[in-house]
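show me how the following folds:
(2 chains)
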Amino acid sequence: MSETIYDRLGGFPGVRRVVTAFYKRILDSVVLEHHFRHADMRRLVDHQTKFMAALMGGPYAIDEIGLRKAHRHLGITRGEFREMSALLRETLAEEGVPPGDIELVLARMARLEPAVIAEAA
Amino acid sequence: MARDMTAETALSIDPVLCLQHGEAALALLRLADRSLVYASAAFERLLPPPERAALLAGLDPARPRREIEMRVGSRQLCLDISLRLLEGAAAGLAVLTLTDIGGQREAEYMLDSYAKLAERHARDLEREKTRAEKLLLNMMPRSVYEELREYGTTTPQRFEHATVLMLDLVGFTEMSMAREPSQLVAELNDIFSAFDRVVELFGCERIKTIGDAYLAVSGVPEPSPEHVVNAAKVALRMRRYLDRRNASGPQEWKCRIGIATGPLIGSVVGIHRYVYDVFGPAVNMAARLEATAKPGEILLCNNAMLQLGGQFEIGPAQMVELKGFGSCAAAALIGEQRHA
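Sure, this is the predicted structure:
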C-alpha cells in the first residue's frame, strides 16, 4: 500500500489544520465571500472535510455527478475557481505540505473544474 | 473560586476600572435600557455596532448563560454569552462576557464529518472483507482459510485416515453439445449446489468440480473416525437426489461414483490463485473406480468395503482392472442397512 498525501500530512489531525486554515481564507476572500455569505457552517465544514480528504487520498471519493449537481445553480466562474485553487495552494504551503504534494493536490482539484464552474460563457 | 470572589468584590467597587484591562471580550451593560457603559477592545472587535443592538435587545437576565449563532458579515459567529448581574453599588449593571467558540464549533463539525467518513469507510472495508472471505471459503476449507489468515501461509497436512469421493455425471459431454448451454449449466449448478449441502451435512468437504466431475473428501481437514461411513452416506444421498430429480424433471441424470479410502495430503496450492487440493493414491483410486462404475453405481475400494461392513448393504466383491493399480477388489454400495 503506498502512502497517500493524507497519511503524510498525519491523517485527520493534519487535514483538520488545513481545513480550518482554508475555511478561514475562503471567508476572507473578497472574490469568494459572497458564495458563502448564507452558507450553513456545519454543511460548509462537512464539505470541506470531505473535499480535502478526497483530494489527499483520504477515506472519501468525490462523486462527480453529485458535485456537478451541487454547483450547477451557483454560477461559479472560472475566475472564482482559480481563486479557490490559489487559496488552497497558499494554505497548503503555509501548512508545510511539500511542493510535490501541493502540485498533486492542485492537479486533482483542476480536474474538478468542469464539474464545478457554470457552463462556459 | 477564591479568585472569583475577589473579582466580584472588585467589580462592586469600580466595575469600569476592572474591565479596562486584559484581552477579554467584556462589556458592562445597563440593564434598564440595554446600553453599554463600557466595552473592551476585544468586545468591539468581536461584535461591531450594527450586530450589537440585536444581541443586546435579546439578552435575558433569566438565562445568564447561552450559546448563540449569528452572522457578522460573511461569517457565522458562534458566541458563548455569559451575563453576570452585579449587586450592591453596581446593582442594575451586568458584566457581559463573549467567548468566540467558532473555532471549537468548527472543530466539532469537522470531527462529526470525519467520524461519519471513517465509519462509512470502515463499513465498506468490512463488506469488502466479507466478500473476500466468502470467495476464499469457496476455494478452501474454513480451518485452512483461518490458518492462511493468521499466519499468511499454510502447511500441507497429511491425513492418515481419509476417504475420497469422486462423482461424474453420465453422458454430460454429449448433453453439453446437444442442449442450450445456459440451461444446462443452470441445471448443473443446481445439482452441484444440492451436493454441496449434502457434503456439508455429513462433515465432508467439496474439493473441486472439474466440468461435470465432483470431488469431495471425508476426514479432511477435520479427522473423523466416521470418514468412510460419512462418504458412503453422502454417495447414497447424491444418487437418491438425482433419482428424485429425474422423477419430476424431463432430463435423465445418472452418476457414477467411486469411493476410495487411504492416506491423503491436503494443501493450498498456488500463490496468486489459491486452491486447496488433495493428493494421494486414494484420489486416483476414487477416479479409477468412478470411471469403472456403471451408470447409477457407487463403487467402493477394498479398504472402504471392509470398513463399511455391517452398517451398509454391499454387493459381492469383484475384481476390477484399474489403470495404475492393476487388479483390485471392489464392490458396489447398495444402500444403508435397515435396522429392525
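
switch to C-alpha atoms for all contacts and neighbour counts from now on
Will do.

next SSE downstream of the worst-scoring helix or strand of chain A on mean pLDDT?
Lowest mean confidence among the helices and strands of chain A (mean pLDDT, DSSP states H and E): helix A:33-36, at a mean of 83. Counting by DSSP states H and E, the element after helix A:33-36 in chain order, helix or strand, is helix A:41-55.

give me the contact list for the next helix or strand after that following helix.
Using DSSP H and E, the helix or strand that follows helix A:41-55 in sequence is helix A:64-71. Residues outside helix A:64-71 that contact it (CA atoms under 8 Å, 6 or more residues apart in numbering or on different chains) are A:112, A:115-118.

picking that back up, the least confident helix or strand of chain A packs against which elements?
The helices and strands touching helix A:33-36, judged by 3 or more CA pairs under 8 Å, 6 or more residues apart in numbering or on different chains; DSSP states H and E, are helix A:12-28.

which residues sit against the helix it packs on?
Residues from elsewhere that reach helix A:12-28, judged by CA under 8 Å, 6+ apart: A:6, A:9, A:32-33, A:36, A:45, A:48-49, A:52-53, A:84, A:87-88, A:91-92, A:95, B:74-75, B:106-107, B:110, B:114.

neighbours around residue B:282, how many?
For residue B:282, the neighbour count with other CA atoms under 10 Å in any protein chain shown is 21.

and if you look at the one 4 residues further on?
By other CA under 10 Å, the residues close to residue B:286 number 25.

do the one 5 residues further on as well
Each residue near residue B:291 was counted by other CA under 10 Å, and the total is 19.

now the helix or strand where it lies: buried residues?
Assigned by DSSP H and E, residue B:291 belongs to helix B:281-292. Of all the residues in helix B:281-292, those buried under the rule 16 or more other CA atoms under 10 Å in any protein chain shown are B:281-292.

so which elements touch that helix?
strand B:157-169, strand B:255-269, strand B:298-301, strand B:318-322.

again, only this time at 7 Å
strand B:157-169, strand B:255-269 (3 or more CA pairs under 7 Å, 6 or more residues apart in numbering or on different chains; DSSP states H and E).

how about the residues of chain A that lie near chain B?
A:27, A:33, A:36-37, A:41-42, A:45-46, A:49, A:59-60 (CA under 7 Å from any CA of the partner chain).

and which of the residues you listed is nearest residue B:129?
Residue B:129 has its nearest neighbour among these in residue A:59, at 16.4 Å by CA to CA.

ok, the closest one touching residue A:53?
Yes: between residue A:59 and residue A:53 there is a contact under CA atoms under 7 Å: 6.2 Å.

just the pLDDT at the spatially closest residue to residue A:72 that is not a sequence neighbour, thanks.
Closest residue to residue A:72 apart from its sequence neighbours, by CA to CA, 6 or more residues apart in numbering or on different chains: residue A:118 at 6.0 Å. On pLDDT, residue A:118 comes in at 80.

and residue A:118, helix, strand or coil?
coil (DSSP: H, G, I helix; E, B strand; the rest coil).
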